[in-house]
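>>> pasting the sequence and the predicted coordinates here, then a few questions.
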Number of protein chains: 2
Amino acid sequence: MSHILILGGDGYLGWPTAMAFSQEGHEVWVVDNYLRRSLCRDLDVEPLFSTPNLLERVCVWKGVSGKDIHIRIGDCCDYGFLSQVFRECRPEAVIHYAEQPSAPYSMLNQKAANLTLTNNLQSTLNIIWAVHEHAPECHIIKLGTMGEYGTPDIDVEEGWIEIEHKGRRDRFLFPRQASSLYHTTKVQDTDLLWFYVRTWGLRVTDLMQGPVYGLSTEETDLDERLGTFFNYDEIFGTVVNRFVIQAVAGYPLTVYGKGGQTRGYINIKDVLACVELALMSPADAGELRVLNQITETFTVNELAEKVARVGKELGHTVEIKSIENPRKELEEHYYNPTYTGLIELGLKPHYLTDEVVADMFETGIKYKKNIQTERIFRGVKW
Amino acid sequence: MSHILILGGDGYLGWPTAMAFSQEGHEVWVVDNYLRRSLCRDLDVEPLFSTPNLLERVCVWKGVSGKDIHIRIGDCCDYGFLSQVFRECRPEAVIHYAEQPSAPYSMLNQKAANLTLTNNLQSTLNIIWAVHEHAPECHIIKLGTMGEYGTPDIDVEEGWIEIEHKGRRDRFLFPRQASSLYHTTKVQDTDLLWFYVRTWGLRVTDLMQGPVYGLSTEETDLDERLGTFFNYDEIFGTVVNRFVIQAVAGYPLTVYGKGGQTRGYINIKDVLACVELALMSPADAGELRVLNQITETFTVNELAEKVARVGKELGHTVEIKSIENPRKELEEHYYNPTYTGLIELGLKPHYLTDEVVADMFETGIKYKKNIQTERIFRGVKW
């Protein structure tokens, strides 16, 4: 049993992670400042169904599981607050989800860009300092993104590459060039972590995650009130989640441009498994361990076709519509990422089967009356 | 004649740059929030001689040259302020010196780290947005640092490298891994600029500068009151400048560890020439042009020996003393940087000759009574 601190523990991934570790018997502390809730409210892109606040969630969880989760409401950008949390929790591992996670949000306007940059980097810097000052052996598990690598014309390795140049060799971070400001702040997080890993001997695992889909985990399934945020809008909704809700609502699946954009995807169940695998075999002191956290790759066209096919089998009328790409990105490109590290640690993937998609349809149908189609597309331009 | 906006125009390099461009006949606007002055005062590491504030400097300059320099006192992290400056100035080029420039300062404590990160990245993001919204053709000339590259075991190229990997090839930013938080924020600046260059087609020149020495430029030499900041302390003083003052004060030249640390150096006169060369042949739209702004390389031992030799010839007693290295850095390493780009643009280097060092001694001697030896070493640890 470990003391585990989850920053951003009210979020799409944070809350299911908190319950999973609590269920495993760990002492779990959750921190959040409700930034995601505030942004969704301000932009009128509320999730598919409302979720109780953290205090209420923890009470429901206690009722269902008999277990306590500690919560602290506050901002990880406030170093005094974060230090106090570290002094109380004395974490053996900290899981860092406390970031503004939306690429389109980061491209909305100057204010949103500034919030994304400041929030994501200050929180990361503060976590580094809090670990250094209060819990130097603590394992930092950081959620990175496959988007840091972009779509280079060479194979994407797991974090590192050996470069031979003019007859000499050295090992470097794999080149990173991201395609949104949000993804760029994740590259900058990596810059920060790698510097302090080298300088102070921190233990860091950087989980380079692809877009996540799904909303069902062992714990969310225990009680409807334990469900996680499920955004279906362009700003906070990930693509598979959005497509399913669009299909349920009879709104054409919006493919940007040619639809050949290829990415690695992962089921929310596997996210929890990966974080747990990282926790169970921590990085060494002075190690920045990088693991590519995806289980399979798809083009956007393949995702749209899969959702459309399953939707039609379930009796929905599903149309796919290509629209002008509001983003600056390659619509057809080479993409060959490596993602064996987590499998070697023991991951047993849950793939994007028709059954998984059908389960997501079921949730969509259950909450169909809540779908507000004007939330789906906002046309945020890059 | 161009409209030129100099951000951080009160600084060691900013003020001489402002005068040089004004002398050339450009319409010069200078912005500063006196951050450097405040930090030097707060830490009691005031420069060798006091300098008038910007308003006074501009009045002296008008008296000496007959030319106007416009000033705006404010913080580049305040987007409303910076936007207003851009609307008034309508710059054809913006020179970005508005950063917290000290590596030791960035390592002092959590507050200093946070100030460095926030100041440097918010100012850069705001400049990008101000150019995008108010002056999209404006050429951004950014002061980067050779320290972004660190000391890799392969030759350092000018900004870019082509990587061959498993039979495929692509071109990337040269790997960057810096050795202080300050230098890491410069890596992060590059991440930001490169993203928006690709996305919005900005024109950016990134001048990867080595440590600068000297205080004499054509314009500072016109009147004593036009002199630039000259720090001789461990926090804000660069190594050659420090060593000369230490020699004048009879304080041993402090070599960190083995003294084999090799870096590229540049005379302040050449900094102005390089910035002007960049200005005269702007980057293309959508181009991040990177130029390595150094003219020769030295180990710390070589610098100490050079300063000691010149000092002894001038009749000073100069001791060299190796002390335990307070920094995490390689004390002996491979270092082979390329720096031909600026030469190709027309740079005629001023090298670190004995005469140049002797001139610096002359200034040191002139202000010897101001030297406070307790300012020299503060033991900031990495």
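Right, received. Where do you want to start?

>>> contacting residues for residue A:95?
By CB atoms under 8 Å, 6 or more residues apart in numbering or on different chains, the contact set of residue A:95 is A:4, A:5, A:6, A:7, A:14, A:17, A:141, A:143, A:275, A:279. The way it works is simple: take the backbone N, C-alpha and C, and place the C-beta from them, glycine included.

>>> the fifth one: what's it in contact with?
Think residue A:14. The neighbours of residue A:14, taking CB under 8 Å, 6+ apart as the test, are A:6, A:7, A:8, A:30, A:32, A:95, A:97.

>>> angle of the one helix or strand residue A:111 maps to against helix B:110-134?
Using DSSP states H and E, residue A:111 sits within helix A:110-134. On the basis of axes from the mean of the first three to the mean of the last three CA atoms, to 10 degrees, helix A:110-134 is oriented at 160 degrees to helix B:110-134.

>>> if you count neighbours, what's buried in helix A:110-134?
Burial within helix A:110-134, assessed by neighbour count using 16 or more other CB atoms under 10 Å in any protein chain shown, is assigned to A:110, A:112-132, A:134.

>>> near chain B at all, it?
Yes. Shown here: helix A:110-134 in contact with chain B (CB under 8 Å from any CB of the partner chain) through A:110, A:111, A:113, A:114, A:117, A:118, A:121, A:122, A:125, A:126, A:129, A:133.

>>> which secondary structure elements does that helix contact?
Counting contacts by 3 or more CB pairs under 8 Å, 6 or more residues apart in numbering or on different chains; DSSP states H and E, helix A:110-134 packs against helix A:79-89, strand A:93-96, helix A:103-106, strand A:139-145, helix A:181-200, helix B:79-89, helix B:110-134.

>>> got the CA coordinates for the host helix or strand of residue A:242 in CSV?
Following DSSP H and E, one finds residue A:242 within helix A:239-249. Taking Å, rounded to 0.1, in the frame of the first residue of the first chain, the C-alpha atoms of helix A:239-249 are listed here in CSV:
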residue,chain,number,x,y,z
VAL,A,239,-12.5,11.8,-31.5
VAL,A,240,-14.0,8.3,-30.9
ASN,A,241,-16.2,9.6,-28.1
ARG,A,242,-17.4,12.5,-30.3
PHE,A,243,-18.1,10.3,-33.3
VAL,A,244,-20.3,7.9,-31.2
ILE,A,245,-22.4,10.8,-29.9
GLN,A,246,-22.6,12.4,-33.3
ALA,A,247,-23.9,9.1,-34.7
VAL,A,248,-26.5,8.8,-31.9
ALA,A,249,-27.6,12.4,-32.5
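
>>> contact partners of that helix?
A:48, A:211, A:213-215, A:230-234, A:237, A:252-254, A:265, A:300, A:303-304, A:307-308, A:311, A:316, A:318, A:352, A:357, A:360-361, A:364-365, A:368, A:371, A:373, A:376.

>>> only whichever of these are buried, select them in PyMOL.
In PyMOL, this line selects whichever of the contacts of helix A:239-249 come out buried by 16+ other CB under 10 Å:
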select buried, chain A and resi 48+211+213+214+215+230+231+232+233+234+237+252+253+254+265+300+303+304+307+308+311+316+318+352+357+360+361+364+371+376
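
>>> any of the contacts of residue A:14 buried? List them.
Among those, those classed as buried by neighbour count (16+ other CB under 10 Å) are A:6, A:7, A:8, A:30, A:32, A:95, A:97.

>>> do you know how far the residue lying closest to residue A:76 once chain neighbours are set aside is from residue A:377?
Spatially, and ignoring its direct neighbours in sequence, residue A:76 is nearest to residue A:123 (3.9 Å; CB to CB, 6 or more residues apart in numbering or on different chains). With the distance defined as CB to CB, to the nearest Å, residue A:123 ends up 30 Å from residue A:377.

>>> try residue A:91
Taken as CB to CB, the span from residue A:91 to residue A:377 is 41 Å.

>>> can you check residue A:22 too?
Note on residue A:22: its distance to residue A:377, by CB to CB, is 37 Å.

>>> the two: who's more crowded?
A count of neighbours by other CB atoms under 10 Å in any protein chain shown puts residue A:22 above the other of residue A:22 and residue A:377, at 23 against 16.

>>> helix, strand, or coil at the more buried one?
Here residue A:22 takes the helix state, with states given by DSSP: H, G, I helix; E, B strand; the rest coil.

>>> got the phi/psi numbers for residue A:32?
phi -160, psi 150 (degrees, to the nearest 10).

>>> which residues does it bridge with?
Beta-bridge pairing of residue A:32 under DSSP bridges involves residue A:73.

>>> give me the pLDDT for it.
Model confidence at residue A:32, given as pLDDT, is 98.

>>> pretty sure it contacts residue A:73?
Yes. Applying CB atoms under 8 Å as the test, residue A:32 and residue A:73 come out as touching, 6.6 Å apart.
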